[in-house]
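In: Sequence and predicted model, in that order:
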Amino acid sequence: MLKIENLSAEIDGKQILKGLTLSVAAGEVHAIMGPNGAGKSTLSYVLGGRPGYEVTGGSVEFMGQDLLELDPHERAAAGLFLGFQYPVEIPGVSNVQFLREALNSQRKERGEEPVSGGEFLKLAKEKAALLRLDMDMLKRHVNVGFSGGEKKRSEMVQMGILGPQFAVLDETDSGLDIDALRVVGEGINAIMRAPDKGVLLITHYQRLLDYVKPDKVSILADGRIVQTGGPELALRLEEEGYDVVMADA
């Protein structure tokens with residue numbers, strides 16, 4: 001579903017990714033863990049097409065397409081969703097307005113008919129209930145005045161509404177308390193656990209993986225994947241730390 005081969009990338013002339021190779025199959029949740037500065041967020045930004053990140057080598061194939069040849073909006077329409085570590089605020093734009101425009105923009109790119117106002121509200125209520133987010137929150141400006149947990153739950157509602165084939169989630173557990181963590185984890189499972197979908201889940205800690213059970217876990221360090229294993233690898237990292245585990249890699 002997602003195949004990354006020898007990917008190198010830099011920002012402001014500084015090399016961050018240094019020949020990263022990784023693949024995620026359909027139906028798979030693949031967790032990426034690693035120390036600060038390893039390149040985890042850079043990987044998510046490169047996949048999403050964020051400006052300023054220059055790919056200097058390698059390739060990324062997404063569902064049979066050359067992902068790096070697509071503009072960010074084309075990647076989204078092709079089924080790629082990027083969840084941010086720090087969701088941005090958009091004053092003056094309501095969540096409902098933003099999400100309906102985003103959904104219909106993607107549908108237009110795929111040659112599909114737009115969703116009517118009634119259909120959209122039904123869909124939004126369904127996904128908001130899944131993440132235990134009051135519909136009144138979706139009438140407010142995007143993320144303005146939201147707590148950290150509300151921003152992350154709102155972003156998961158966005159993912160549910162857009163219905164991507166593949167989600168790259170960058171530290172979705174950041175800023176979540178215990179209850180919000182469970183709700184977000186359950187939401188990811190409900191929205192993305194399917195034979196034809198995939199998830200690249202970037203996290204520092206085991207705690208989110210207690211709810212979103214990964215099929216594989218990889219350690220990213222110094223711009224490369226240095227070790228890949230099963231869920232037990234995340235447990236070992238939690239117990240022993242990166243230095244010990246990577247010394248054995």
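Out: Perfect, I can see it now.
In: can you pull out the helices in this protein?
Out: For the chain, the helices defined by DSSP state H occupy 40-48, 72-77, 95-109, 117-130, 135-138, 148-162, 178-192, 231-240, 242-247.
In: Format those helices as CSV; extra columns: mean neighbour count and mean pLDDT.
Out: All C-beta spots, glycine's among them, are computed from the backbone N, C-alpha and C. Listed next are the helices of the chain as CSV, based on neighbours: other CB atoms under 10 Å; pLDDT from 0 to 100:
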stretch, mean neighbour count, mean pLDDT
helix 40-48, 22, 94
helix 72-77, 17, 93
helix 95-109, 17, 92
helix 117-130, 15, 92
helix 135-138, 16, 84
helix 148-162, 22, 89
helix 178-192, 19, 90
helix 231-240, 16, 87
helix 242-247, 14, 73
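In: Save those as a markdown table, and put in distance to residue 201 too.
Out: Compiled in a markdown table, the helices of the chain are given as follows (distance: least, CB to CB, whole Å):
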| stretch | distance to residue 201 |
| --- | --- |
| helix 40-48 | 10 |
| helix 72-77 | 18 |
| helix 95-109 | 22 |
| helix 117-130 | 18 |
| helix 135-138 | 24 |
| helix 148-162 | 12 |
| helix 178-192 | 8 |
| helix 231-240 | 10 |
| helix 242-247 | 17 |
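In: out of these, nearest to residue 65?
Out: helix 72-77 (9.0 Å; CB to CB).
In: Nearest residue to the middle of this structure?
Out: residue 169 (2.0 Å; CA atoms, centre = their mean).
In: was I right about that residue contacting residue 85?
Out: No: here residue 169 does not reach residue 85: they are 9.2 Å apart, not a contact under CB atoms under 8 Å.
In: circling back to that earlier point, what's the closest of the helices of the chain to residue 220?
Out: Of all the helices of the chain, helix 40-48 comes closest under CB to CB, at 5.6 Å.
In: Other residues contacting the closest one?
Out: 7, 9, 11, 16-17, 20, 32, 34, 53, 55, 60, 67, 72, 75, 80, 82, 85, 168, 170-171, 200, 202, 220 (CB atoms under 8 Å, 6 or more residues apart in numbering).
In: chain center to it, what's the gap?
Out: The chain centroid and the centroid of helix 40-48 are separated by 9 Å under CA atoms, centre = their mean, to the nearest Å.
In: cool, and stretch 205-215?
Out: Stretch 205-215 sits 14 Å away from the centroid of its parent chain (CA atoms, centre = their mean).
In: One more: stretch 131-140?
Out: On CA atoms, centre = their mean, the centre of stretch 131-140 falls 21 Å from that of its chain.
In: And for stretch 71-91?
Out: Averaged over its C-alpha atoms, stretch 71-91 has a centre that lies 9 Å from its chain's centre (CA atoms, centre = their mean).
In: First-to-last residue distance for that stretch?
Out: One end of stretch 71-91 to the other measures 25 Å (CA to CA, to the nearest Å).
In: can you check stretch 123-142 too?
Out: End-to-end distance for stretch 123-142: 18 Å, by CA to CA.
In: quick revisit: check the gap between the residue nearest to the centre of the chain and residue 196 for me.
Out: Remark: distance between residue 169 and residue 196 (CB to CB, to the nearest Å) = 18 Å.
In: Kindly report the same for residue 232.
Out: For residue 232, the distance to residue 196 - CB to CB - is 27 Å.
In: before we move on, what about residue 146?
Out: 31 Å.
In: Neighbour count: those two, which is higher?
Out: residue 146 (20 against 11; other CB atoms under 10 Å).
In: Contacts only, for residue 126.
Out: Residues in contact with residue 126, defined by CB under 8 Å, 6+ apart, are residue 160.
In: What sits closest to residue 60 if chain neighbours are left out?
Out: Closest residue to residue 60 apart from its sequence neighbours, by CB to CB, 6 or more residues apart in numbering: residue 67 at 4.2 Å.
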